[in-house]
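A.B. asks: Here is a sequence with its predicted model. Questions after.
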Amino acid sequence: MQVTFLGTSSGVPTRSRNVSSIALRLPQRAELWLFDCGEGTQHQFLRSDLKVSQLTRIFVTHMHGDHIFGLLGLLASCSLAGNVKRIDLYGPPGLEDYLQACLRYSQTHLSYPIKFHKSHPGVLYENNDYIVSCGNLKHRVPAFGYRIAEKDQPGRFDVKRAEALGIPPGPVYGRLKQGEVITLPDGRRIDGKNLCGETQTGRTFVYCTDTVFCEEAIALAAGADVLVHEATFAHKDADLAFQRLHSTSTMAAQVALEAGVKKLLMTHFSPRYAPGNPIVLDDLLQEARAIFPNTDMAYDFFSYSIPRQSEAVLVGQAS
């Protein structure tokens, strides 16, 4: 699982930061899931090493423009390229009407189907590898956070040991890797668990934006390996955060601390903290780290590979 930030500014883009969008790469399934799609997201794809042809699901947090204005352009480009088979789109009520109106009035016709799913608290999607859950956040319009939980995977299958036991290669190896007990033609019963290494614990990614500090975000992020949380304002501007129902750096850190996450990545920064101003983004980072030390500040094209157990590996890409 690898998280890549395609936009880390709030409200409007800046010269170095586009508006909200995050890609979650799932190599084992050769899939890409997108979270929010601000204006210009398709251009950010072109500047990254992500393959838009792998895009299968888009999760929208809420209906503000800086999170949805890039949807039609991205979907239309995917249609012209002809390399997307289907996209599942998750989001608040109104998202389907909005996109259908955009398609109708621009006379855009997609070459692949889109299936709409209304986001709601609870499980939204599940397959053999992942469970996607959703939770309410606290913003000026209905807003949702998303939790992607990877299921535990069997340990590495010991092929040499299986061969030494005289187990013939074939579909039976797959059954053994899943921990099944099989009976060989000679009557021997083989427990697949004895041929596999230690179970690989699944990883969890949580995305929370836009929201002021709320208990729902803490519950959604409980025990996550990585929490991506908005930090629009510095602590000194907490009054603005409460007025606009956004988070400060300290609010994001408090959510991470109370949720017991392993890593906090902050995003969605106000342009007011540009270099040369009384408060700059490094001040927000230091504020957060004073509460939750394992915090980093995202920037456009920053990627983070979520590890299973060992220390996280950071992969930076120049913006």
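C.D. replies: On my side now, so go ahead.

A.B. asks: got a list of what the closest residue to Ser77 other than its chain neighbours touches?
C.D. replies: Distances taken as C-beta to C-beta, 6 or more residues apart in numbering place Gln42 nearest to Ser77, at 5.2 Å, with adjacent residues excluded. For glycine as for every other residue, the C-beta is placed from the backbone atoms N, C-alpha and C. Taking C-beta atoms under 8 Å, 6 or more residues apart in numbering, we find Gln42 in contact with 52, 70, 73-74, 77.

A.B. asks: what about Gln42, helix or strand, and which?
C.D. replies: Per DSSP states H and E: Gln42 is located in helix 41-47.

A.B. asks: Any buried residues in that helix, and which?
C.D. replies: Using 16 or more other C-beta atoms under 10 Å as the test for burial, helix 41-47 gives 41-42, 44-45.

A.B. asks: from those, which is closest to Gln107?
C.D. replies: Nearest to Gln107 out of the buried residues of helix 41-47 is Gln42 (C-beta to C-beta; 18.9 Å).

A.B. asks: Kindly present the buried residues of helix 41-47 as a markdown table, with separate columns for distance to Thr209 and pLDDT.
C.D. replies: A markdown table is the format used below for the buried residues of helix 41-47 (distance: C-beta to C-beta, whole Å; pLDDT from 0 to 100):
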| residue | distance to Thr209 | pLDDT |
| --- | --- | --- |
| Thr41 | 15 | 97 |
| Gln42 | 20 | 96 |
| Gln44 | 17 | 97 |
| Phe45 | 20 | 96 |
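
A.B. asks: now these as JSON lines including distance to Ile182?
C.D. replies: Formatted as JSON lines, those follow (distance: C-beta to C-beta, whole Å):
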{"residue": "Thr41", "distance to Ile182": "48"}
{"residue": "Gln42", "distance to Ile182": "49"}
{"residue": "Gln44", "distance to Ile182": "48"}
{"residue": "Phe45", "distance to Ile182": "45"}
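
A.B. asks: any residues touching stretch 113-128, and which ones?
C.D. replies: With C-beta under 8 Å, 6+ apart as the test, stretch 113-128 has contacts from 57, 59-60, 75, 86-93, 95-96, 99, 131-136, 144, 146, 151.

A.B. asks: Stretch 92-101 now?
C.D. replies: The contact list for stretch 92-101 (C-beta under 8 Å, 6+ apart) reads 60-63, 68, 71-72, 75, 89, 114, 116, 118-119, 141-144.

A.B. asks: ranges for the helices of the chain?
C.D. replies: 41-47, 65-68, 71-81, 95-105, 159-164, 171-177, 215-221, 238-244, 249-259, 281-291 (DSSP state H).

A.B. asks: Looking at those, which one is packed in the most?
C.D. replies: Mean neighbour count (mean count of other C-beta atoms under 10 Å) peaks for helix 249-259 among the helices of the chain, with a mean of 24.

A.B. asks: Remind me what that helix packs against, helices and strands.
C.D. replies: Helices and strands touching helix 249-259, by 3 or more C-beta pairs under 8 Å, 6 or more residues apart in numbering; DSSP states H and E, are helix 215-221, strand 226-230, strand 263-267, helix 281-291, strand 295-297.

A.B. asks: Now do it against strand 226-230, angle only.
C.D. replies: Orientation of helix 249-259 against strand 226-230 (axes from the mean of the first three to the mean of the last three C-alpha atoms, to 10 degrees) gives an angle of 150 degrees.

A.B. asks: for stretch 274-287, the distance to its chain's centre please.
C.D. replies: 26 Å (C-alpha atoms, centre = their mean, to the nearest Å).

A.B. asks: Hmm, I typed the wrong one, I wanted stretch 229-247.
C.D. replies: 22 Å.

A.B. asks: now swap in stretch 252-259 and tell me
C.D. replies: Relative to its chain's centre, stretch 252-259 lies at 18 Å (C-alpha atoms, centre = their mean).

A.B. asks: So what touches that stretch?
C.D. replies: With C-beta under 8 Å, 6+ apart as the criterion, stretch 252-259 contacts 208, 213, 217-224, 227, 229-231, 247, 264, 266, 287-292, 295.

A.B. asks: How about stretch 195-207?
C.D. replies: Contacts for stretch 195-207 (C-beta under 8 Å, 6+ apart): 1, 3, 22, 24, 35, 59, 61, 145-158, 161-162, 176-177, 179, 220-221, 223-228, 261, 306-309.

A.B. asks: try 7 Å
C.D. replies: 1, 3, 22, 24, 35, 145-158, 161-162, 176-177, 179, 220-221, 223-228, 306, 308-309 (C-beta atoms under 7 Å, 6 or more residues apart in numbering).

A.B. asks: still on that earlier bit, restricted to buried residues, select the contacts of stretch 92-101 in PyMOL.
C.D. replies: In PyMOL syntax, the buried subset of the contacts of stretch 92-101 is picked out as below (16+ other C-beta under 10 Å):
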select buried, resi 60+61+62+63+68+71+72+75+89+114+119+143+144
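
A.B. asks: Perfect, I'm done here.
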